[in-house]
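> With the input below, show me the fold.
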Amino acid sequence: MSSSAVYQSSLIKRVRRTQGEIRALREALYTLIQPHHPVTVRQTFYLAVTAGLIPKTENAYKNTLVRLLADMRRVGELPYGWIADNTRWMRKPSSYDCLEDALAETTRLYRRNLWRNQDAYVEIWLEKDALAGVLAEVTYRWDVPLMVTRGYPSLSFLYEAAQAIRAQGKPTHIYYFGDWDPSGVDIPRFVEDSLKELTDAADITFTRVAVERWQITRWHLPTRPTKTSDSRSKYFEGESVEVDAIPPGHLRAIADECIQQHVDAAQLRVTLVAEENERQLLSIIDCATLAIARLGEPSS
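Residues are numbered from 1 along each chain as shown. Okay, the predicted model is just below:
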């Protein structure tokens, strides 16, 4: 019998779990996270609820899952990189030990603007800051901006986004990922109306891609009671669903599909070939720069 089955058979039978039940739960969590990482703690919670590992309660989330995931990482049972947290970050300018390191890093990171010669411009917008690490690997690969609104975005944020869109001078496609709740459903309307106003009605196609009603049904997404404290709840029917409830693989697949449909494959190949040639040229220039720099070094 699998560790997941062992744990499920005893779920909620006791208030205090036995050592064997805790061990089985830890093993089941590892197995659950392995094919999906990186995931947030909240996403892991929904995966565990769907798998029947823990009950859908805040107590199970805070006092069971959060504690176990921390313990598992501290003792080496779970890689730290498997759990994403983009809500906390650091600002620091780039610095290097020497010129050689700086030049090598510049060459390694060099990328051509993938969208310069494409017919459209694409952005991914996300309501939840914590999920940025889940979608970043897709948006980074396709050189697409990942815009995190953290609920309703500020006017300053919207203005800067509008300026970037207007500068592109081409049709823009925005794909939005947000909660299915009174505010989460209204945020896309607010963002779309604001951007079109701030860009003087530029050619913007705004599409909500998650969470949608059909996804809740088809993927059997865990729900939660809709907050009556939300002033928009009187216009909202049914229970709410957090975007975190969608499995990470599904989220990444949605983002990838949204972006790829706007990529001209032939033009992409031309861009990538040029990028590789220029990266090799940078490597040659780096060597020459280092040689010149060393000529000026005092002799020992």
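
> alpha carbons only for contacts and neighbour counts from here, please
Will do.

> tell me the contacts of the nearest residue to P225 once chain neighbours are set aside?
Closest residue to P225 apart from its sequence neighbours, by C-alpha to C-alpha, 6 or more residues apart in numbering: E239 at 5.1 Å. Listed by C-alpha atoms under 8 Å, 6 or more residues apart in numbering, the contact partners of E239 are 181, 223-226.

> Now the buried members of those residues.
181, 223, 226 (16 or more other C-alpha atoms under 10 Å).

> Just the CA trace of the helix or strand harbouring V191, in CSV.
Assigning secondary structure by DSSP states H and E places V191 in helix 182-198. Provided in CSV are the C-alpha atoms of helix 182-198 (Å, rounded to 0.1, in the frame of the first residue of the first chain):
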residue,chain,number,x,y,z
PRO,A,182,-16.2,38.7,-6.3
SER,A,183,-13.1,40.9,-6.5
GLY,A,184,-11.1,38.4,-8.6
VAL,A,185,-13.7,38.4,-11.3
ASP,A,186,-13.9,42.2,-11.2
ILE,A,187,-10.2,43.0,-11.3
PRO,A,188,-9.8,42.1,-15.0
ARG,A,189,-12.6,44.5,-16.0
PHE,A,190,-10.9,47.2,-13.9
VAL,A,191,-7.5,46.5,-15.5
GLU,A,192,-8.7,46.3,-19.0
ASP,A,193,-10.8,49.5,-18.8
SER,A,194,-7.9,51.4,-17.2
LEU,A,195,-5.3,50.3,-19.7
LYS,A,196,-7.5,51.2,-22.7
GLU,A,197,-8.1,54.6,-21.1
LEU,A,198,-4.4,55.2,-20.4
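
> Outside of it itself, list whatever touches it.
By C-alpha under 8 Å, 6+ apart, the residues outside helix 182-198 that reach it are 127, 151-153, 158-159, 161-162, 176, 178-179, 201-202, 204, 206, 208, 226, 230, 232-233, 235-236.

> Going through these, which ones are buried?
Neighbour-count burial within those applies to 127, 158-159, 161-162, 176, 178-179, 202, 204, 206, 226, 236; the criterion is 16+ other C-alpha under 10 Å.

> By pLDDT, give me the weakest of these.
Checking pLDDT across the buried ones among the contacts of helix 182-198, the minimum falls on A202 at 79.

> S156 versus that residue, what's the distance?
From A202 over to S156 the distance is 18 Å, taken as C-alpha to C-alpha, to the nearest Å.

> Also N117?
29 Å.

> Okay, buried residues for the lengthiest helix in the chain please.
Identified as the longest helix of the chain according to DSSP state H is helix 265-295. Under the neighbour-count criterion of 16+ other C-alpha under 10 Å, helix 265-295 has 271, 275, 278-279, 282-283, 286 buried.

> Isn't V39 up against P248?
Yes. Counting by C-alpha atoms under 8 Å, V39 does reach P248; the two are 6.5 Å apart.

> Between the two, which contacts overlap?
V134.

> neighbour count winner among those two?
Just comparing V39 and P248: by other C-alpha atoms under 10 Å the higher neighbour count belongs to V39, 27 against 24.
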